[in-house]
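In: Below is the sequence, then the predicted model.
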Amino acid sequence: MSKLKYSISIISAASAAVLAPLAYARNPFEFETPVTPVAHDTLHVHNLFLGVIGVIFAIGMAILLYSIYRHRKSRGHQPASFAAPAGRLQWILALIPFLILTFIDYVVMGIPAYHAEVAMANTKEDATLVIKVTGSQWKWQYEYPEQGIKFTSNLATPREQIESRKPTDPNYLLEVDRPLVLPVGEKVRVLLTSTDVIHSWWVPSFGVKQDAVPGFLRETWVKIDTPGVYRGQCGELCGVGHAYMPIVVVAKTQPEFQQWLAQEKTAEAAALAESGKTYDLAQLAAMGKKVYDTNCVACHQANGLGIPGAFPPIAAGHPFSAAAPLTDDLAQRGFYRDGKIALGSVAQHIDIVLRGIPGTPMPAFGASLSDADIAAVVTYERNDFGNHTNETVQPTDVKAARAAK
Amino acid sequence: MSQAITHDEHDEHHPRGLTRWLFTTNHKEIGVLYMLFGLTMFMVGGLLAMLIRAELFEPGLQFLKPQIYNQLITLHGLVMVFAALMPVTTGLANYLIPMMIGAPDMALPRLNNWGFWLLPPAAVLLVLPFGLELLGIGNGPIDTGWTIYAPLSVQSGLGVDFAILAVLLLGASSLLSSINVIVTVLNMRAPGMTLMKMPIFVWSWLMTAFLLIAVFPVLVGGVGMLLGDRHFGTHFFNAAGGGDPVLWQHLFWFFGHPEVYILLLPTAGVMPHILATFARKPMYGYRGQVYSYWAIGVLSVIVWAHHMFTSGMPVGAQLYFMYSTMLISVPVAVLFFCWIATLWRGAMTFETPMLFALGYIVLFGIGGLTGLVLADAVADQQYHNSYFLVAHFHYALFGGPIMGVIAAAYFYLPKITGRMYSERLGRWHFWLTMIGFNITFMAQFFVGIAGMPRRIPDYALQFADLNMVSSLGAFVLGAAQLLFVYNVIMTWRGVGRKATGQVWDGARGLEFTLPSPPPLHSFTEQPVIR
């Protein structure tokens, strides 16, 4: 009686495990739709391998289940006493599975894997566009060295959605403020590096996952065959913001891509012009809040109180203790007195944001933020979170600070 | 009989109470301490997993901040590997090896005591930063993932230092127990027991001990370098100072891959004993299995960089690590072949240890086969650090070692306590574990193929359904383990009928010639093996 119950429970468990993913729209055994040669290769290899191991597993299971069914004491089966292959024939029979396995390893799976590996490693040949991807805690920076374009791509999902205070968008956690734009039909060589810890640039539709290692250059390549929007995420644990640095790539046709390049150049020129403008306090604070919410909030928090022991508060008068390199630097710059955060000078404030604090998690934003952005965020920080200095910092101040070193 | 009387006299002088356990040099008592410690930490690690699955039940952040989430996944890994599984397999070695080879005790009993008592401080060090954080010191335990990748681990808080100290203690403990096993096995076997007549569990542990001595010092050296980078101005893992972050990965995985087999081999060694007992048939292919242990041991130290296919290696290295990894499938397949051939044409019954042993074959089979897929350097671009990988290594490490030690626990519990456990609860435990486990981790295979990265506290909406399924499975799996703990406690307290010396009618081996529970010193007169 109980045996029947057991069989029913195991069957229902197995079917639950198998059926659950089938409620899913796409084929649960396949990766996201591949759009590059490497991804097509990978999917092919993946399907082949799953098939092969599926067959091996089925054969093993069939033998095991047959034996469990037939060779049981309750059916009165008498145990045999063999303990090793007896005679030449049995030895040959026993060795055959392992020959087949070796054949599967090195021929059925090994040969396609070899070709796929060689193709994946061929990053240079016929590449017409080079881009550089830099991972930082917790954002990606994209650079087109030959075109002179460079920008940072931040998570665009609002904080309220993450904290479940607002309903989520369809692309929850997979939306950025500025996506990477690539042309279709062109081989793009992707160089990767990082400014702090190891990140990994992973876009499933491209079949590409490559670590970005600080101090080293890694490379991979993509040749996208269909225009569209492709999303991915960081693939290597990189700290508290690891879940919050998605990758969005917009693939455009060649003419559209050229048009986008031209637009970017005009925008860059406009930004340059903006760095000569002056703004009032309210304008700067409004612009600064946006910059803060995308670049600073992960560490210093939305309320500006930071995380005790790791990330200092922005608001003056709050107690803070952390490792010596961080507190020493802050004290030297006048931002730290008697175990509390103090208000330092504007020049030092700009310098920290521009160049970071070496040896601590505080990164240099000089490369990723414009003069106007830095001016705005410094102004915002000095006039919010309980700080009321009424000081404004203009883009020209930042420009001067940049030139100073 | 005269033997038993001598033991009783000996027991008179044995300290009682707490000091008995603190100062014991007896292999059985130390073995039991190891196993109870491992079981406790298994429940701790399991609790951490439950918290993780609760957070992942739905998209959005519900219970845990990202920082705490990272700490929980890190501790879950470290606790399960170092504080749960390794102690339990070491406990089995301590308890069983002297009995299996006809020796009175382990060769180095005081060292044995020291080896165990290094463990609790190590476990405390891992979780202590939680308490320190409450006192306002530091920002909690290690949060870098159990792989402790530099430079994140150089940047991270004081929890990393505590984990480094814990690893140093754990390393010392493992080396001591490994030396003890090797010395005992090579010197104290009963007359007539040649190496190729040893019970296969003893062989598996001999190989494990060699592996531990070969690779654990590399991890200890690695964490020493990490400590240097964090506090003493060295730059082993910092490119700006001429170092390389990827060097850490090489050091870690040179230890980390053999570690998988360090966890696996002892349970692979218990399997033939259990299968042969309940199939009432001699184990199949003893020599083949012993040679496979050696092959696995040797291969395991030359394949480490298959954990690093996305770190950026030359094509030649990618190909080498891919093909060498595939080679491991052959000796592992030999083990599967021998296990199934041991069952073939036997007269099987399905007591709880047998159920878990059969579950081991199925689940570890899935873990092994998906490992073959992961060996492919190109396809690994999609699997690496996705939930596919998480599912794979849980099939390999829960499906293998944990199912194995649970099977061993049920198999030897009557021998250790002298009482039979509850077969009914055992069966419930088995089926709930199988159902819960497969739901949890099958869902993770699929969510990984769909592109979900591991180690994230929050995820995109297309992963929501499968994560909910996985969490529900995990809760069943977690709850099922409470039945196990209850069953063990009840058996310990003497509920259940008395076990005979042989316990199972098909059981063979020297340990089953002793009464249940066995006397403190197994064989004061060595038995002679024909």
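Out: The structure has been received and is ready for your questions.
In: Start and end of stretch B:23-30, how far apart?
Out: This stretch, stretch B:23-30, spans 10 Å end to end (Cα to Cα, to the nearest Å).
In: what sits up against that stretch?
Out: B:15, B:20-21, B:33, B:91, B:94-95, B:97-98, B:105-106, B:109-110, B:112-113, B:116, B:416, B:518, B:520-522 (Cβ atoms under 8 Å, 6 or more residues apart in numbering or on different chains). Every residue, glycine included, has its C-beta placed from N, CA and C.
In: Okay, buried residues for that stretch please.
Out: B:24, B:26-30 (16 or more other Cβ atoms under 10 Å in any protein chain shown).
In: Give me the mean pLDDT for the helix or strand containing residue A:88.
Out: Residue A:88 is part of helix A:87-103 when elements are defined by DSSP states H and E. Model confidence over helix A:87-103, given as mean pLDDT, is 92.
In: Among the buried residues of stretch B:23-30, which lie within helices?
Out: B:27-30 (DSSP state H).
In: wait, doesn't residue A:343 sit right on residue A:389?
Out: Yes: under the criterion of Cβ atoms under 8 Å, residue A:343 makes contact with residue A:389 at 6.9 Å.
In: so which strand or helix has the nearest residue to residue A:224 once chain neighbours are set aside?
Out: In space, and not counting its chain neighbours, residue A:224 is closest to residue A:251: 4.4 Å by Cβ to Cβ, 6 or more residues apart in numbering or on different chains. Take DSSP H and E as the rule and residue A:251 turns out to sit in strand A:247-252.
In: Take the ones in helices among the buried residues of stretch B:23-30 and write them to JSON lines, including pLDDT and distance to residue B:378.
Out: Below are these laid out as JSON lines (pLDDT from 0 to 100; distance: Cβ to Cβ, whole Å):
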{"residue": "B:27", "pLDDT": "93", "distance to residue B:378": "49"}
{"residue": "B:28", "pLDDT": "93", "distance to residue B:378": "51"}
{"residue": "B:29", "pLDDT": "93", "distance to residue B:378": "52"}
{"residue": "B:30", "pLDDT": "95", "distance to residue B:378": "48"}
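In: Please name the bridge partners of the residue nearest to residue A:224.
Out: Beta-bridge pairing of residue A:251 under DSSP bridges involves residue A:182, residue A:228.
In: How many residues are close by it?
Out: By other Cβ atoms under 10 Å in any protein chain shown, the residues close to residue A:251 number 27.
In: check contacts around it.
Out: Neighbours of residue A:251 in contact, by Cβ under 8 Å, 6+ apart: A:35, A:181-184, A:224, A:226-230.
In: Save the residues you listed as JSON lines, and put in neighbour count and pLDDT too.
Out: Shown next, in JSON lines, are these (neighbours: other Cβ atoms under 10 Å in any protein chain shown; pLDDT from 0 to 100):
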{"residue": "A:35", "neighbour count": "22", "pLDDT": "93"}
{"residue": "A:181", "neighbour count": "21", "pLDDT": "96"}
{"residue": "A:182", "neighbour count": "24", "pLDDT": "96"}
{"residue": "A:183", "neighbour count": "22", "pLDDT": "96"}
{"residue": "A:184", "neighbour count": "18", "pLDDT": "95"}
{"residue": "A:224", "neighbour count": "24", "pLDDT": "95"}
{"residue": "A:226", "neighbour count": "13", "pLDDT": "93"}
{"residue": "A:227", "neighbour count": "16", "pLDDT": "95"}
{"residue": "A:228", "neighbour count": "13", "pLDDT": "94"}
{"residue": "A:229", "neighbour count": "12", "pLDDT": "95"}
{"residue": "A:230", "neighbour count": "24", "pLDDT": "95"}
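In: on that earlier part again, pLDDT score for the residue nearest to residue A:224?
Out: At residue A:251, pLDDT is 96.
In: And for the one 3 residues further on?
Out: The predicted structure scores residue A:254 at 94 on the pLDDT scale.
In: give the contact list for residue A:402.
Out: A:354, A:366, A:371.
In: pretty sure it belongs to a strand, no?
Out: No: counting by DSSP: H, G, I helix; E, B strand; the rest coil, residue A:402 falls outside a strand, being helix.
In: ok, now how distant is residue B:41 from residue B:127?
Out: Distance of residue B:41 to residue B:127, given as Cβ to Cβ, to the nearest Å: 10 Å.
In: neighbour count winner among these two?
Out: Between residue B:41 and residue B:127, counted using other Cβ under 10 Å, the more crowded position is residue B:41 (23 against 20).
In: Quickly find the element holding that one.
Out: Per DSSP H and E: helix B:27-55 holds residue B:41.
In: buried ones in that helix?
Out: Buried, per 16+ other Cβ under 10 Å, within helix B:27-55: B:27-46, B:48-53, B:55.
In: same check, this time on stretch B:120-132
Out: B:120, B:122-123, B:125-129, B:132.
In: for that stretch, the distance to its chain's centre please.
Out: Distance, stretch centre to chain centre, for stretch B:120-132: 20 Å (Cα atoms, centre = their mean, to the nearest Å).
In: quick revisit: distance between the helix holding residue B:41 and the chain's centre?
Out: Between the centre of helix B:27-55 and the centre of its chain there are 11 Å (Cα atoms, centre = their mean).
In: now for the following helix or strand past that helix, which elements pack on it?
Out: Proceeding N to C from helix B:27-55, the next assigned helix or strand is helix B:66-78, under DSSP H and E. Helices and strands touching helix B:66-78, by 3 or more Cβ pairs under 8 Å, 6 or more residues apart in numbering or on different chains; DSSP states H and E, are helix B:27-55, helix B:119-134, helix B:159-187.
In: after helix B:66-78, next one along is what?
Out: helix B:86-101.
In: Next, the angle from the helix or strand just after that next one to helix B:159-187.
Out: Following helix B:86-101 in sequence order, the next helix or strand is helix B:109-117 (DSSP H and E). Counting by axes from the mean of the first three to the mean of the last three Cα atoms, to 10 degrees, helix B:109-117 lies at 150 degrees to helix B:159-187.
In: orientation of helix B:109-117 relative to helix B:86-101 in degrees?
Out: Per the same axes, to 10 degrees, the angle that helix B:109-117 makes with helix B:86-101 is 150 degrees.
In: Pull the residues that contact helix B:109-117.
Out: With Cβ under 8 Å, 6+ apart as the test, helix B:109-117 has contacts from B:22-27, B:30, B:33-34, B:37, B:90, B:94, B:106, B:172-174, B:176-177, B:179-180.
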